[in-house]
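Novice: Take this sequence and fold it.
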Amino acid sequence: MKQTTFTLLLFAVIAMVSCRKNQYDPTIKQYDDDQIKAYISANGITGMVRDTSGMYYNIISPGTDTVIKYQDNLSMVFTVKSIDGVYVSADTITNHYDGYAGHLTGTTFPVGVNASGLQLAIHNILNHHGGIMRLIVPSHLAYGVTGAGSGSISTTGRIAGNQSLDYYVHIISNQDAYDQLVIKNYMAANGLTNMTKDPAGFWYHVDAPGTGTVSIDDNSTIFVTYTTTLFNGTVASENNSPGQNFEIPDLIKGAQIGLKKYATAGSLLTFLIPSSLAYGKLGTSIPPNSCIRYGVRVVSVAP
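Specialist: Numbering: from 1, shown residues only. Below is the predicted model of the structure:
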């Protein structure tokens with residue numbers, strides 16, 4: 001009887017093992033790889049290379065500058081979307097990063113937190129300042145089973161769990177040159193054909209000439225109405241009535257130079273200001289390294 005029972009149990013174990021051999025039970029790495037391959041095929045993506053960690057990449061431009069080290073400061077512009085198509089963050093005006101290469105995983109969503117794959121790819125694969133790449137990061141090197149963001153998994157503000165991420169990454173090597181390109185693209189997109197470039201690097205147009213006779217200098221107090229706008233149309237700050245007073249040295253550098261050179265009381269001007277003459281790397285309510293549009297009317301000038 002005991003031998004019969006043992007024999008039946010043995011056959012049962014053999015049957016279970018045989019069934020498991022015929023059943024595909026992938027690890028998370030295998031699951032990610034299957035999903036990424038299907039995504040690449042479905043979207044006709046070409047030129048991707050798989051590295052040993054499971055990331056897929058295409059070096060669009062290798063960059064010509066120095067090798068990236070973890071202690072290096074990076075100025076980066078990026079886009080990112082989940083491969084299920086639900087989460088899409090494609091606004092390169094908002095998606096800026098400025099900080100150490102080794103601190104990417106400590107930054108806020110959607111750049112860092114647990115997204116170690118992005119940091120590894122920039123350091124180990126792209127590896128040069130000035131480089132541009134497309135990168136698909138498997139979920140186990142991104143936000144894992146918990147995902148990230150806010151809202152339910154069906155909303156555009158959240159990356160669902162076990163979602164691989166499709167990044168476009170541009171490491172900026174010359175911020176001034178990049179800013180000028182951004183400004184020129186903005187002017188072309190918005191039909192701003194009447195702008196003039198000042199030698200300092202900002203662009204301007206006198207929309208209405210001033211009627212005042214008192215010149216503006218570093219000792220002036222000016223009353224103005226103004227609007228500060230990012231190039232995606234987001235209003236960062238404004239004051240429209242009855243006019244806010246400023247000491248000239250308190251203004252951003254581009255506005256200081258422009259108002260002293262081109263404005264008196266009554267002037268209405270539009271400035272397109274590169275990040276180095278605007279808010280630089282501050283990255284508070286305005287993303288780091290942001291160019292801005294600054295529209296200003298000078299109400300009055302007190303010497």
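Novice: Where do the strands of the stretch 201-303 of the chain begin and end?
Specialist: For the stretch 201-303 of the chain, the strands defined by DSSP state E, counting those that start in this stretch occupy 203-208, 221-230, 235-247, 268-273, 292-302.
Novice: domains for the protein, by residue range?
Specialist: For the chain, automatic domain parsing gives the domain ranges 28-173, 176-302.
Novice: Average pLDDT for the last one, rounded please.
Specialist: The one in question is domain 176-302. For domain 176-302, mean pLDDT rounds to 94.
Novice: Throw the domains of the chain into TSV and include mean neighbour count, thanks.
Specialist: Bear in mind the C-beta positions are built from the backbone N, C-alpha and C, glycine included. Shown next, in TSV, are the domains of the chain (neighbours: other CB atoms under 10 Å):
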stretch	mean neighbour count
domain 28-173	17
domain 176-302	17
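Novice: Do me a favour and get the end-to-end distance for stretch 86-97?
Specialist: 23 Å (CA to CA, to the nearest Å).
Novice: Pretty sure residue 58 sits in a strand.
Specialist: Yes: counting by DSSP: H, G, I helix; E, B strand; the rest coil, one finds residue 58 located in a strand.
Novice: Surely it touches residue 40?
Specialist: No: using CB atoms under 8 Å, residue 58 is not in contact with residue 40, being 10.4 Å away.
Novice: Can you pull the residues that touch both of these two?
Specialist: residue 48 (CB atoms under 8 Å, 6 or more residues apart in numbering).
Novice: Quick one: the helices in the stretch 1-150 of the chain, in order.
Specialist: Assigned by DSSP state H, counting those that start in this stretch, the helices in the stretch 1-150 of the chain fall at 2-22, 28-42, 116-121.
Novice: average pLDDT for the first one?
Specialist: Per-residue pLDDT over helix 2-22 has a mean of 45.
Novice: Could you do stretch 126-134 as well?
Specialist: The average pLDDT within stretch 126-134 is 94.
Novice: and the end-to-end length of it?
Specialist: So stretch 126-134: terminal residues 10 Å apart, CA to CA.
Novice: if I read this right, residue 281 contacts residue 290, doesn't it?
Specialist: No: Residue 281 is not in contact with residue 290 according to CB under 8 Å; the separation is 9.8 Å.
Novice: what residues are shared contacts of the two?
Specialist: With CB under 8 Å, 6+ apart, residue 281 and residue 290 have common neighbours residue 275.
Novice: With that, I have no additional questions.
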